[in-house]
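> here is a sequence together with a model predicted from it:
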Amino acid sequence: MTKMRLVTWNVNSVRARLAHVEKFVAQSAPDVLCLQETKVRDNDFPLKAFTKMGFEHHVIAGQKSYNGVAIFSKLPFVPTEPKHWCGKDDKRHLAITLENGVEINNFYVPAGGDVPDPDENDKFAHKLAFMNEMTDWFKKRQSKDNKLILVGDLNVAPLETDVWSHKQLLKIVSHTPIEVEHMSRTQSSHDWVDAMRHFVPEPEPLFSWWSYRARDWRASNKGRRLDHVWVTPNLKPHLKSMQVDLEPRGWEKPSDHAPVIVDFDLKGIG
DNA sequence: ATGCCGTATGATATACGA
């Protein structure tokens, strides 16, 4: 099988969103499903439901209440050695290597709190430090033979048309120049290709998150692109399509993030 | 402010999301 459908989705609690995940998987049939903000300890994770959805392989890393990531796969893989980020064990990263040698990294970057000043806000400092560590880590591992995919809720909307109003969000955490600068350094750390913008180039607006607080998220459409799919240059020719699936955002009691679907044709890889 | 909703927890208020 050379075709692979990869999905990244911040579900904002896997238990609260289980029915949505089941419905989405039934209609979109991902081969690899990367989740963020699962908000559940590993012992309480609803694994049986995922087995029923057809995922024979998984790796999960969660904690009580906050954070938590998971990867479900129909393709066999080897889990990558877990790594602590910023000296914490706060369940923000998992990685796997498929049999064709493609490594998939699933990240949940810290949101960063409200105040965009690392001296006044420890959460913002953590967010910047986390991105710095990502940069260093991928720089250290740089090799043209690497076949890497990086997905997840990176909590930064880097481009002007990744937000509904560049001007009005310049001082809002997720779109401040210092975050964009940090993300840009991470992106250069392994010559990452932005797979979403490969299919929807600027200046076309592209969002994956809409606040719960808008009265009508679809009508006001004040979104941000916080979720990302990046690939190393050697995988770029294998990108086939990309879609931000707005439908689950419109379901009852949704996640505030929409799933991002990317189709690959990995013929000749591995 | 776009703007007060949604998640989780030894909970009936609080932390956190972004």
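Ah, there it is. Numbers count the residues shown, from 1 in each chain, chains lettered A, B, ... in the order given.

> quick one, longest helix in chain A?
With secondary structure taken from DSSP state H, chain A has its longest helix at helix A:122-140.

> stretch A:19-38 vs DNA strand B: in contact?
Yes. Counting by CB under 7 Å from any atom of the strand, DNA strand B is contacted by stretch A:19-38 at A:Glu37. The C-beta positions use only the backbone N, C-alpha and C, and glycine is treated the same way.

> residues of chain A that sit close to DNA strand B?
Residues of chain A lying close to DNA strand B (CB under 7 Å from any atom of the strand) are A:10, A:12-13, A:15-17, A:37, A:39-40, A:64-66, A:110-114, A:123, A:153, A:155, A:165, A:168-169, A:172-174, A:209, A:211-215, A:220, A:222, A:224, A:226, A:253, A:256-257.

> chain A: strands as residue ranges?
All strands of chain A, identified by DSSP state E, fall at A:3-10, A:32-36, A:57-61, A:69-73, A:77-79, A:93-98, A:103-108, A:148-153, A:193-194, A:209-210, A:223-224, A:227-231, A:239-244, A:260-265.

> from the contact counts, what lies against the third one?
Using 3 or more CB pairs under 8 Å, 6 or more residues apart in numbering; DSSP states H and E as the contact test, the elements touching strand A:57-61 are helix A:47-52, strand A:69-73, strand A:77-79, strand A:93-98.

> I'd like the ones you listed as CSV, with mean pLDDT and mean neighbour count appended.
Listed next are the helices and strands packed on strand A:57-61 as CSV, based on pLDDT from 0 to 100; neighbours: other CB atoms under 10 Å:
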stretch, mean pLDDT, mean neighbour count
helix A:47-52, 97, 14
strand A:69-73, 98, 24
strand A:77-79, 98, 15
strand A:93-98, 98, 22
